[in-house]
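S.K.: Starting from these lines, generate the structure:
(chains A and B)
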Number of protein chains: 2
Amino acid sequence: MNENRVAIIGIGMTKFGELWDYSYRDLITEAGIKAITDAGIEGEDIQELYVGSMSPGLFAGQEHIGALVADYSGLSGIPATRVEAACASGGLALRQAFLSIKSGRNDIVVAGGVEKMTDVPTGAAMMALMGAGDEQWEAFQGITFPALYALMARRHMKEYGTTLEQISEVSVKNHYNAQFNEYAQFRFEVSLEEVMDSPPVAEPLRLLHCSPITDGSAVVILASEKKARELKDEPIWISASALATDSLALHDRKSLSRMDSVILAAKKAYKQAGIEVKDIDFLEVHDCFSIAEILAIEGLGFCKLGEGGILTEEGQTKIDGDIPVNPSGGLKGKGHPVGTTGISQAVEATLQLRGEAGKRQVKDAEIGLIQNVGGSGATCVVHILSRG
Amino acid sequence: MNENRVAIIGIGMTKFGELWDYSYRDLITEAGIKAITDAGIEGEDIQELYVGSMSPGLFAGQEHIGALVADYSGLSGIPATRVEAACASGGLALRQAFLSIKSGRNDIVVAGGVEKMTDVPTGAAMMALMGAGDEQWEAFQGITFPALYALMARRHMKEYGTTLEQISEVSVKNHYNAQFNEYAQFRFEVSLEEVMDSPPVAEPLRLLHCSPITDGSAVVILASEKKARELKDEPIWISASALATDSLALHDRKSLSRMDSVILAAKKAYKQAGIEVKDIDFLEVHDCFSIAEILAIEGLGFCKLGEGGILTEEGQTKIDGDIPVNPSGGLKGKGHPVGTTGISQAVEATLQLRGEAGKRQVKDAEIGLIQNVGGSGATCVVHILSRG
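M.R.: Predicted structure coming up:
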């Protein structure tokens, strides 16, 4: 691999939420136009595109997503590829776009994520989402995603004494942060009591421990070092891009109380970037259920295994804490259009590193890490972004 | 891009057909084991994998395919990515695996394709397959894939005087070739009369102009030049890998009687390989409907636009003709597990170039071209393979 550096030069996002007036293609077109405008380029400058989408066949009756996005962006002709790893599809798209430039074969490449989840009946959405787990060993037995994460939460509570209050504090913090994010689905605070008293979904997890069903799209434009310096005074650099996998079904894992794909991807990412955990100023992590944020900060090395609940309870993961986690509001507050999430994390990290995150700005943000998980942890993608 | 050469060092395939005893994951596991055995490597030598699958969510209730395949191959941990471009998903997987090695970051990478299509009701299969077209402008209006290709056939007949007999000769030839392919779904001959008299599907196309619904998987193992020379006396080289797109919906195309994505991808591929059309010894092309083979040989430059029917009628595309097309039996005779097809073309080309194609062996095969199409032509992937 050569030493080309890769930068983010443009970002764009739709509002996240139940967007009845948007079709699948409307979403990514809007995010794409915003990103192109932000980058200050023309469509014809784009040499390749990657798009992450988890289940457009089931959610929107549409596959063949690469060509669709190229077509509706006026870019027909260019190489266009859809990638999928359930809820980590966006992270995969970012990785492939990064590699396309890193390899030296292109100078400007787009990575997008898009999902339109609210147009189908609940049963169809559940079927689609269970496609992220193991169909034969999990979905077929009737387990749902909240139940898979409930198993992990129970195990974590048993092994480490993690409390439901600690898990609930993740939801409280992320709702608090989401207030300040104009793109977020839920711009309101929830109290610890409200989280603890919300309706049970899969014990111990309650409604306010679960991220919502969301429509939304996000796009980032990547450039080679040469192009980035021509186009931007302060491009944001991607210093690591790491992907790791684990068993698809939970029962095949070595442990239910940690995610080995996260640990492996993080290790590779720190090595690539040549940095240590302590160098990171903030995180965007994959809190599809609030227990997942605790598993994330532990797997990424911000505390020992089992101490993520304590870190959260102490307030260290708040925007003004020692290690701010999910200043965007995370999946819980911002929303979780599954294939989009990995790209929206890159958008948030770019805003933070540019100093454009407004009331949710992390002070002196120089290096940020984003972590995107597929299913119950069978895929993890980690990227490290920096100002310098 | 550096000058690393990329080779195919292992191939594996399941039988194609209605495989009631195989699940989705059984298929790719069997093909993968055969490919690893053929390459003479161990699973642990594999550094990354890409898998093409069009619509496993709708066909098998399963997404998150990269992690699934890594898991069931005993490779959990490694980077694993699913790519999708409808029926060109296999070609995309081959391209990404090629790029992974070409970039210099890996030495041994797997490209697989898998589809299990026969476990769902016909309506569900039609819904899945129409995801390859434009959901809003085509599927929603009630058009099916045979009808889209029927429109192209009609236009070709009107513009160029192509006859239904000429189109039918494609089916006759491909069924003839499939007899000699142990992996083929239809190992029997059909006569011109049988094709012309088969039941109408979408006029002018009849049943025997349409490729079947198929279960099957294929896997190829790619290696860097250094590794390939260590492992194989005569590796097969990939000298070009090109991807191009076009409008998703047929009505947005400049012409219905040609595929611009094919023309563009071919042009890029010939340039990459530094060869001309006349250097190619045989083709595997995407005859999802028999008219598509005519569009393919025209778009790839083996005759002028409009002359593909004549070339076929004259017998030039037979195994012993001037330019053998689909010695494997093509999609019509071999079967068409949509996401697998692009990889199965690479398997056939490798067998031909190794001289291991038995009774369907093309004489003195030194350079082969494989062409994989998504939907009605919105994606085209072209690879060129060679002995030397």
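S.K.: From here on, just use CA atoms for contacts and neighbour counts.
M.R.: Noted.
S.K.: quick one: is the strand or helix carrying A:His383 near chain B?
M.R.: Assigned by DSSP states H and E, A:His383 falls within strand A:379-386. Yes. Contact of strand A:379-386 with chain B (C-alpha under 8 Å from any C-alpha of the partner chain) involves A:Thr379.
S.K.: Stretch A:15-26 now?
M.R.: No. Applying C-alpha under 8 Å from any C-alpha, one finds stretch A:15-26 separated from chain B by no less than 9.4 Å.
S.K.: how distant is that stretch from the center of its chain?
M.R.: Distance of stretch A:15-26 from its chain centroid, counting by C-alpha atoms, centre = their mean, to the nearest Å, is 18 Å.
S.K.: what pLDDT, on average, does it get?
M.R.: The pLDDT scores in stretch A:15-26 average 97.
S.K.: got a list of contacts for it?
M.R.: Identification of contacts with stretch A:15-26 by C-alpha atoms under 8 Å, 6 or more residues apart in numbering or on different chains yields A:60, A:68-69, A:72, A:114-116, A:118, A:182-185, A:213-217, A:334-337.
S.K.: Of the residues you listed, select the buried ones using a PyMOL command.
M.R.: In PyMOL syntax, the buried subset of the contacts of stretch A:15-26 is picked out as below (16 or more other C-alpha atoms under 10 Å in any protein chain shown):
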select buried, chain A and resi 60+68+69+72+114+115+116+118+183+184+185+213+214+215+216+217+334+335+336+337
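S.K.: Leaving out chain neighbours, which residue sits closest to whichever residue of the stretch 251-388 of chain A sits closest to chain B?
M.R.: Residue nearest to chain B within the stretch 251-388 of chain A (C-alpha to the nearest C-alpha): A:Ala378, separated by 5.9 Å. Distance criterion C-alpha to C-alpha, 6 or more residues apart in numbering or on different chains; nearest residue to A:Ala378, sequence neighbours excluded, is A:Asp246 at 4.3 Å.
S.K.: Looks like that neighbour contacts B:Gly77 (just checking).
M.R.: Yes. Using C-alpha atoms under 8 Å as the test, A:Asp246 is close enough to B:Gly77 to be in contact (5.3 Å).
S.K.: Any chance you could list residues touching both of those two?
M.R.: Common contacts of A:Asp246 and B:Gly77 (C-alpha under 8 Å, 6+ apart): A:Ser261.
S.K.: Comparing the two, which residue is more hemmed in?
M.R.: Remark: of A:Asp246 and B:Gly77, A:Asp246 carries more neighbours, 30 against 23, as counted by other C-alpha atoms under 10 Å in any protein chain shown.
S.K.: Give the bridge partners for the residue in the stretch 201-350 of chain A that chain B sits nearest to, please.
M.R.: Nearest to chain B, among the residues of the stretch 201-350 of chain A, is A:Thr245, at 4.3 Å (C-alpha to the nearest C-alpha). Applying DSSP bridges to A:Thr245 yields these beta-bridge partners: A:Thr379.
S.K.: residues contacting it?
M.R.: A:Ser261, A:Gly377, A:Ala378, A:Thr379, A:Cys380, B:Ala67, B:Ala70, B:Ser76, B:Gly77, B:Ile78, B:Pro79, B:Ala80.
S.K.: Tell me, how many residues neighbour the third one?
M.R.: I take that to be A:Ala378. A:Ala378: 33 neighbours (other C-alpha under 10 Å).
S.K.: Ok, the fourth one next?
M.R.: The burial count assigned to A:Thr379 is 38, neighbours taken as other C-alpha under 10 Å.
S.K.: Also the first one?
M.R.: For A:Ser261, the neighbour count with other C-alpha under 10 Å is 26.
S.K.: Likewise for the fifth one?
M.R.: A count of neighbours around A:Cys380, defined by other C-alpha under 10 Å, yields 34.
S.K.: Contacts only, for the nearest residue to it once chain neighbours are set aside.
M.R.: Among residues not flanking A:Cys380 along the chain, A:Val373 sits closest, at 4.5 Å (C-alpha to C-alpha, 6+ apart). Listed by C-alpha under 8 Å, 6+ apart, the contact set of A:Val373 reads A:Cys87, A:Ala88, A:Val262, A:His286, A:Thr379, A:Cys380, A:Val381.
S.K.: could you say what helices and strands the worst-scoring helix or strand of chain A on mean pLDDT packs with?
M.R.: Ranked by mean pLDDT, DSSP states H and E, the weakest helix or strand in chain A is helix A:122-130, scoring a mean of 91. Taking 3 or more C-alpha pairs under 8 Å, 6 or more residues apart in numbering or on different chains; DSSP states H and E as contact, the helices and strands that helix A:122-130 lies on are helix A:56-60.
S.K.: So which other helices or strands are in contact with the helix it packs on?
M.R.: If contacts are counted by 3+ C-alpha pairs under 8 Å, 6+ apart, helix A:56-60 sits against helix A:122-130, helix B:56-60.
S.K.: out of those helices, deepest packed?
M.R.: Ranked by mean neighbour count, the helices and strands packed on helix A:56-60 are led by helix B:56-60 with a mean of 22 (mean count of other C-alpha atoms under 10 Å in any protein chain shown).
S.K.: Which is the succeeding secondary structure element to it?
M.R.: helix B:65-72.
S.K.: Next to chain B, which bits of the stretch 201-350 of chain A? Give me the list.
M.R.: A:Leu243, A:Ala244, A:Thr245, A:Asp246, A:Ser247, A:Leu248, A:Ser261, A:Leu264.
S.K.: Quick one: those residues as a markdown table, columns for pLDDT too.
M.R.: Listed next are these as a markdown table, based on pLDDT from 0 to 100:
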| residue | pLDDT |
| --- | --- |
| A:Leu243 | 98 |
| A:Ala244 | 98 |
| A:Thr245 | 98 |
| A:Asp246 | 98 |
| A:Ser247 | 98 |
| A:Leu248 | 97 |
| A:Ser261 | 98 |
| A:Leu264 | 98 |
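S.K.: now, which of those sits nearest A:Glu348?
M.R.: Taking C-alpha to C-alpha as the measure, A:Glu348 sits nearest to A:Leu243 out of these, at 20.0 Å.
S.K.: Now name the helix or strand holding the closest one.
M.R.: Of the helices and strands defined by DSSP H and E, A:Leu243 is found in strand A:236-245.
S.K.: now the angle between helix B:65-72 and that strand, please.
M.R.: Going by axes from the mean of the first three to the mean of the last three C-alpha atoms, to 10 degrees, strand A:236-245 is angled at 40 degrees with respect to helix B:65-72.
S.K.: Quick check: next helix or strand after strand A:236-245?
M.R.: Heading C-terminal from strand A:236-245 (DSSP H and E), you reach helix A:260-273.
S.K.: Need the residues that contact that next one.
M.R.: Defining contact as C-alpha under 8 Å, 6+ apart, one finds that helix A:260-273 is touched by A:239-246, A:276-277, A:296, A:299-301, A:373, A:377-384, B:77.
S.K.: any idea how far it is from the chain center?
M.R.: Distance of helix A:260-273 from its chain centroid, counting by C-alpha atoms, centre = their mean, is 16 Å.
S.K.: Sort out which residues of stretch A:223-231 are buried, please.
M.R.: The neighbour-count check on stretch A:223-231 (16+ other C-alpha under 10 Å) flags A:Ala223, A:Ser224, A:Glu225, A:Ala228, A:Leu231 as buried.
S.K.: Excluding chain neighbours, give the residue nearest to the third one in space.
M.R.: If I follow you right, that is A:Glu225. The shortest distance from A:Glu225 to any non-neighbouring residue, by C-alpha to C-alpha, 6+ apart, is to A:Arg5 (5.2 Å).
S.K.: quick one: contacts for that neighbour?
M.R.: By C-alpha under 8 Å, 6+ apart, the contact set of A:Arg5 is A:Lys102, A:Ser224, A:Glu225, A:Trp237, A:Ile238, A:Ser239.
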